[in-house]
Structures are given as structure tokens and as C-alpha cells.
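Engineer: below is the sequence, then the predicted model.
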Amino acid sequence: MSLVAAAVCPHPPLLLPEVAGAAAGELDDLRAACDAAVARLLDARPEQLLLIGSGPRTTRFNPADHGSLRPYGVDRYVRLWKVNCAGGPHLPLSLTIGAWLVGRSGTGLPRFAHSVAADATPDECDRLGAELADAVAGRRTALLVLGDGSACRGQKAPGYDDPRAQPYDDGVAVALAGVDTAALRGLDPGISAQLRVAGRAPWQVLAGAVRAAGGDWRGELTHHTAPYGVAYLVATWGRA
């Protein structure tokens, strides 16, 4: 058994209280849901963690690489894992927030990260998921998958209002709750891009990895809100 658990979390920079400032309390529930999802991963007793998030290109990162929060007004770097070897400021936002969530848990487990190109096709995501599942074979591994839903939920949303956004997010929520890998695999890249969905490709990598790993899985959706017109979904998957 290689893959033992997975969790899906969003990656808004506002998750970090120092970025959110006075508005930090508005995301307390989301922050708590993400913390609980990471705790569920650790409850599965993995030997290592693998973070998956979208980025400009599909890349594997060095355990000492880090991400910067300077674009969001905070002079802070978030390291993926190791501090005793060379790394660079290479992590995209998704993996920077993921690294922060894992670091917040206090775990000392080894952790690795892989980005998937935001415009990767479903076939490419499926292949990457299978490759990652094969690469971790033999070691108990938990996946932390980072991705936001649509950014078109209302007139104040970053992508303005689009009537397709809520049905899209509701469909993803059902798929995550039911470990419906076929539904995730079927998410349309074009529509996802129009709705400014950041999680489509990572979710499809997750689906490919779980299909390749095999076995029966159970899922639970623990959070689904859109406080700023962006859908934030948190879910956990475990072996049945």
C-alpha cells in the first residue's frame, strides 16, 4: 500500500493571518477545516507527504525550496521542508500555502512537492497522477492537494459573476465527497479556465493517482464556502 490518504485544501494567501491582517477572523472556519484535514492525513500514519498544486509548469521541487509571500504584502518565505541544504524561491502560491499548512501542523515527516501546469490536459494530469503513485510505491504516502474552486461567485468576485460557477463548484463538492474520480477527470479545462478555477488540474492529478493506486476509498467534504466570490473546498479521502 503506497497511497494511504489524501486531503484537498484551497490556497488563498489570506489563510495566513499576517496576510489577512484585520480580516484574519473571517477565515477562521476555513483555517480550522484545513488544519483538521492535515491532521487526518497524519492520522493515517504516512511515512511521507506529497504536496500537489498548480503552477506555471509541471515541475518537481527540491525539499529545501521555498515560496515568497512578498507579492501579498508580507516579507516572509515559507520553506517546503529541509533547512540544511540549498534551495530557491521556486514554489508557486499553491505549494507555498500547502507548505505553510503542513508546517503549521508541527509534523517532522519528510515532504515533497510537485506542481502541475494550470493548463495541463486531463490526460496529462491522469498520467502525472499515475506516475506519482508509482514513484511512491512501497512507502506510505499521504497527498495534500491544493486548489481553489471558481472565482466567479457574485458581482464582487475576482472574475465577476457567472451563473455557471455555483453548479460547477457544487459538482466538484459532490465528486470530492464521493471519491468520484471519473467526475473529476471529466472537468472541462476550457470551462474551468473561464471560471478561473485553480484546482482543476491538481484535482485531476489526485484522481489519476488514486485510480492508479487502486483499492476502495471513502471521502468526506468538510468545508464549502465562497466568502469572497471564490469557492473554497476542503475534503479528505481515506482507505475504506
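Structural biologist: Here it is on my side, so go on. Numbers count the residues shown, from 1 in each chain.
Engineer: and the top helix by length along the chain, what other elements does it pack with?
Structural biologist: Under DSSP state H, the helix in the chain containing the largest number of residues is helix 28-43. On a contact count with 3 or more C-beta pairs under 8 Å, 6 or more residues apart in numbering; DSSP states H and E, helix 28-43 meets strand 3-9, helix 93-105, strand 141-146, strand 217-225, strand 232-239. In short, each C-beta sits where N, CA and C put it, glycine included.
Engineer: quick one: mean pLDDT over it.
Structural biologist: The average pLDDT within helix 28-43 is 98.
Engineer: partners of the next helix or strand after that helix in the sheet?
Structural biologist: Counting by DSSP states H and E, the next helix or strand C-terminal to helix 28-43 is strand 48-55. Using DSSP bridges, the strands paired with strand 48-55 are strand 111-117 (parallel), strand 141-146 (parallel).
Engineer: related to what we said a few turns ago, for the longest helix of the chain, which residues meet the burial criterion?
Structural biologist: 30-31, 33-34, 37-38, 40-42 (16 or more other C-beta atoms under 10 Å).
Engineer: can I get those in JSON lines with distance to Tyr168?
Structural biologist: Converted to JSON lines, those look like this (distance: C-beta to C-beta, whole Å):
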{"residue": "Leu30", "distance to Tyr168": "19"}
{"residue": "Arg31", "distance to Tyr168": "24"}
{"residue": "Ala33", "distance to Tyr168": "20"}
{"residue": "Cys34", "distance to Tyr168": "21"}
{"residue": "Ala37", "distance to Tyr168": "22"}
{"residue": "Val38", "distance to Tyr168": "26"}
{"residue": "Arg40", "distance to Tyr168": "26"}
{"residue": "Leu41", "distance to Tyr168": "26"}
{"residue": "Leu42", "distance to Tyr168": "31"}
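Engineer: got any ranges where the chain has weak pLDDT?
Structural biologist: 1, 83-88 (pLDDT under 70).
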